[in-house]
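Asker: Sequence plus the predicted model coming up.
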Amino acid sequence: MLPTAHSTPAGPSSVPANKNRAVTLQTDALPELKAMSQPDGADVNTLAAFAHDKTGGAGITVYVVDTGANPDHSEWINMPGEKRFIFLTPGDTESDPGRHGSCVASKVAGPKFGVAKNANIVIVKLPSVLTMSSVIAALAEVGNDVSQRNLEGKAVINISIGSRVLQTDAASRDNIINAYKLFLASIIAQDIVVVAASGNSRMFGIENVNELPAIFEPDMPIIVVGAVDLEGFRTFYSQGTDAELTVSAPGDVTCAGSSGTGDVELFGTSFASPAVAGLAATLLSLDQFKTQLQIPGKVAENTKALIKSLAFSRVAGEPLVAWNGLDPQAQSSTSSTSSRQPTSSTSSSKPTSTSTKASTTSSSVSTSTSAAPTPKVLYTLDNTITAGTTSCQPTSDFQMQSQTYGFMFQVDNSMQTSIETGTSSQGYFVGSGSSTGTFFYESGGALSICGTNTGTADLPLKFILTEAPVAPVATPKTSTVFTLKENVDVGTSTCFPTDGAGGGPGTYTFTYSVAAGTLVTIGDSSAGPRYFSGQGSGSGTMLLDTSPNALSICAQNTGGSATVLDLKITQ
């Protein structure tokens, strides 16, 4: 069953699914990828595979303007298309210190997670300190590369890094916006298809798109992508009205990790956008659509129209969701393939670039008319931190209770963040870049939400406090630097040193199991927590300014029986 065509130029909505297309089935695809070939009326949880074009994306180059990519991950290694880096910083390396671009690239063309399996990928690596001028420079590099390689009409650019102009001076603000818009118009004039994320600030009460380049959509044919869950409901974080969005795609994803060989679970419109960029590359590569799309000066506009005409709402009244026009149910199982590489381990991680996957939003497709529950938002903060300064904002207008909370920071990678109690060197979290986690607050009162801007430009700090999620924060399976397995008797409070832990200052992850009713804290000493406080089993991340061998792990057992604290710290 095909979707009803929408008010855009007619796409192939009148053509039976799979007609004139060499289709392959990826039988081990995850639900968010299966959703890209989910025909109208089908349940994504009952689909046996992701249906994709056998040569989808071949001959098309997708430029990923982002924080880099992980060259050691199987998703990168096993991409069949050409893979390149363009560096904006002299002497830069093939890596992903911002822990964002690796996931994005794998959603475009990764053999496990990607939509366009055969597309060429070019990582346009942004500097670690992101500025508006660096994004504009990236656009210029893309334009030059397309011109030099004669890729007009054969190129897509994905921009999952949204930008807000923070200059308070109106003239400076207008100059930056005009420069960005000028370069973007030049890109589109080269018949490069532009795909951009809509933004994640709905969680802070911002419904409309408010970041570059998505705000330019009314004036130019940018494909603006929002995020939906597997049922097709708009996510709690996805910005954009129906008029502002072109399509949406699943935003809660599993994708390539930024280091090592493990996979990660992330969420954000940042990861919906590359799936649609992969769809654009696929459609551009197919002979079936060349006459429709390849009109000089109109390629971006025509591709946007085709993608929108294929899309349909999975739930009445919810956003249009992207569809590749294929139906895995109509394809013979004899063409099935598996894209998973046996050398790649599957694990989960907390990202630090956009957001970690909220473990509370997973749900199966159903015919229900309400979205899957998300943690109730209790408190939000939206500040601007001056370059080179630290600012702390007390939560004095919100009374904390003795319970477990969830939290999320949405910040630039050059922002260090912390949740503090007001007591020297004590708190519940220390991190860098965007992050999600949980903590247990022991007594009523106010917290301080702090940010240290190590960059050269003023930066926003967005923070959200929620009720406790129903599942722990996911963490990666990386190198273990410390393990602890100790008995904790009932009615006792015991602290354990981390002597022998390897590594120096940096970001670490931890996981532990313990009986319910046991309070676990991680600090610099036994005086109190600094990096984490939780009841029962948990996990999280922490930014250490010293070696992990200087930590103190404490457990207070108020339960009815003795328990074992089993903890692991990794990096």
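Answerer: Good, I have the coordinates. The shown structure was predicted, so the numbers you read here are calculated from the model rather than taken from an experiment. Numbers count the residues shown, from 1 in each chain.

Asker: The residue lying farthest from the centre of the chain and residue 559, how far apart?
Answerer: For the chain, the largest distance from the centre (Cα atoms, centre = their mean) belongs to residue 491, which lies 42.0 Å off. Using Cβ to Cβ, to the nearest Å, residue 491 is found at 9 Å from residue 559. In this view, the C-beta of every residue, glycine as well, is placed from N, C-alpha and C.

Asker: ditto for residue 42
Answerer: Taken as Cβ to Cβ, the span from residue 42 to residue 559 is 47 Å.

Asker: can you check residue 245 too?
Answerer: From residue 245 to residue 559 the distance is 49 Å (Cβ to Cβ).

Asker: Neighbour count for those two, which is higher?
Answerer: residue 245 (25 against 16; other Cβ atoms under 10 Å).

Asker: would you say the more buried one is within a strand?
Answerer: No - counting by DSSP: H, G, I helix; E, B strand; the rest coil, residue 245 falls outside a strand, being coil.

Asker: lowest average confidence, helix or strand, in the chain?
Answerer: strand 336-337 (a mean of 52; mean pLDDT, DSSP states H and E).

Asker: Format the CA atom coordinates belonging to whichever helix or strand comes after it as CSV.
Answerer: Going down the chain from strand 336-337, the next helix or strand is strand 377-385, by DSSP states H and E. Below are the C-alpha coordinates for strand 377-385, written out as CSV (Å, rounded to 0.1, in the frame of the first residue of the first chain):
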residue,chain,number,x,y,z
VAL,A,377,10.5,17.8,32.6
LEU,A,378,10.8,19.5,36.0
TYR,A,379,13.3,22.3,35.4
THR,A,380,15.0,24.0,32.4
LEU,A,381,17.8,26.5,32.1
ASP,A,382,19.0,28.4,29.0
ASN,A,383,22.0,30.7,29.6
THR,A,384,24.8,32.2,27.6
ILE,A,385,28.3,31.8,29.1
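
Asker: count of residues packed around residue 41?
Answerer: With other Cβ under 10 Å as criterion, residue 41 counts 10.

Asker: same check, this time on residue 386
Answerer: Using other Cβ under 10 Å: residue 386 sits among 12 other residues.

Asker: residues in contact with it?
Answerer: Neighbouring residues of residue 386 by Cβ atoms under 8 Å, 6 or more residues apart in numbering: 453, 458.

Asker: Check residue 258 too.
Answerer: Per Cβ under 8 Å, 6+ apart, neighbours of residue 258: 68, 70, 96-103, 264, 351.

Asker: What is the end-to-end distance of stretch 71-79?
Answerer: 11 Å (Cα to Cα, to the nearest Å).

Asker: what's the answer for stretch 276-292, then?
Answerer: Stretch 276-292 has an end-to-end distance of 18 Å (Cα to Cα).

Asker: What pLDDT does the model give residue 50?
Answerer: With respect to pLDDT, residue 50 scores 97.

Asker: Is residue 57 in a helix, a strand, or coil?
Answerer: coil.

Asker: burial count for it?
Answerer: Number of residues near residue 57 (other Cβ under 10 Å) recorded here: 33.

Asker: What of the one 4 residues further on?
Answerer: By the measure other Cβ under 10 Å, the count of residues near residue 61 is 24.

Asker: wait, isn't it in contact with residue 156?
Answerer: Yes - the pair residue 61 / residue 156 is scored as a contact, 7.4 Å apart, by Cβ atoms under 8 Å.

Asker: where do the contact lists of the two overlap?
Answerer: residue 119.

Asker: list the helices and strands the top helix by length along the chain packs on?
Answerer: Determined from DSSP state H, the single longest helix within the chain is helix 170-189. If contacts are counted by 3 or more Cβ pairs under 8 Å, 6 or more residues apart in numbering; DSSP states H and E, helix 170-189 sits against helix 132-148, strand 192-197.

Asker: Now do that helix, average pLDDT.
Answerer: Mean predicted lDDT for helix 170-189 stands at 85.

Asker: Quick check: bridge partners of the closest residue to residue 400 other than its chain neighbours?
Answerer: Spatial nearest neighbour of residue 400, chain neighbours left out: residue 441 (5.1 Å); criterion: Cβ to Cβ, 6 or more residues apart in numbering. Applying DSSP bridges to residue 441 yields these beta-bridge partners: residue 403.

Asker: so residue 441 makes contact with residue 398?
Answerer: No - checked against Cβ under 8 Å, the pair residue 441 and residue 398 is beyond contact range at 11.3 Å.

Asker: out of those two, which sits in the more crowded spot?
Answerer: Shown here are residue 441 and residue 398; by other Cβ under 10 Å, residue 441 has more neighbours (17 against 14).

Asker: what sits against that one?
Answerer: Neighbours of residue 441 in contact, by Cβ under 8 Å, 6+ apart: 400-405, 428, 447, 533.

Asker: Stretch 51-64: which residues count as buried?
Answerer: Residues of stretch 51-64 classed as buried: 51-53, 55-58, 60-64 (neighbour count, 16 or more other Cβ atoms under 10 Å).

Asker: Nearest to residue 274, out of those: which one, please.
Answerer: residue 64 (7.1 Å; Cβ to Cβ).

Asker: mind checking which helix or strand the closest one is in?
Answerer: Here residue 64 is assigned to strand 61-66, by DSSP H and E.

Asker: could you check the angle strand 192-197 makes with that strand?
Answerer: 40 degrees (axes from the mean of the first three to the mean of the last three Cα atoms, to 10 degrees).

Asker: Strand 61-66: partners in the sheet, and parallel or antiparallel?
Answerer: In the sheet, strand 61-66 lines up with strand 120-125 (parallel), strand 155-159 (parallel) (DSSP bridges).

Asker: possible to save these as CSV with mean neighbour count and mean pLDDT?
Answerer: Formatted as CSV, the strands paired with strand 61-66 follow (neighbours: other Cβ atoms under 10 Å; pLDDT from 0 to 100):
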stretch, mean neighbour count, mean pLDDT
strand 120-125, 26, 98
strand 155-159, 30, 98
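
Asker: which residues of the chain fall in helices?
Answerer: All helices of the chain, identified by DSSP H, fall at 31-34, 74-77, 101-109, 132-148, 170-189, 269-285, 290-293, 299-310.

Asker: Now do the buried residues in the first one.
Answerer: Residues 31-34 are the ones in helix 31-34 that count as buried (16+ other Cβ under 10 Å).

Asker: so can I have CSV of the residues you listed showing distance to residue 278?
Answerer: What follows is the buried residues of helix 31-34, written out as CSV (distance: Cβ to Cβ, whole Å):
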residue, distance to residue 278
31, 16
32, 12
33, 10
34, 14
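
Asker: Nearest to residue 505 among these?
Answerer: residue 32 (35.2 Å).

Asker: which ones are touching that closest one?
Answerer: 230, 249-250, 252-254, 275.

Asker: Any chance of JSON lines for the residues you listed, columns distance to residue 548, neighbour count and pLDDT?
Answerer: Below are the contacts of residue 32 laid out as JSON lines (distance: Cβ to Cβ, whole Å; neighbours: other Cβ atoms under 10 Å; pLDDT from 0 to 100):
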{"residue": "230", "distance to residue 548": "37", "neighbour count": "23", "pLDDT": "95"}
{"residue": "249", "distance to residue 548": "38", "neighbour count": "30", "pLDDT": "98"}
{"residue": "250", "distance to residue 548": "36", "neighbour count": "28", "pLDDT": "98"}
{"residue": "252", "distance to residue 548": "30", "neighbour count": "26", "pLDDT": "94"}
{"residue": "253", "distance to residue 548": "30", "neighbour count": "28", "pLDDT": "94"}
{"residue": "254", "distance to residue 548": "27", "neighbour count": "25", "pLDDT": "94"}
{"residue": "275", "distance to residue 548": "37", "neighbour count": "30", "pLDDT": "99"}
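
Asker: check contacts around residue 115.
Answerer: Taking Cβ under 8 Å, 6+ apart, one finds 33, 36, 52, 56-57, 107-109, 274-276, 278-279, 281-282, 324 in contact with residue 115.
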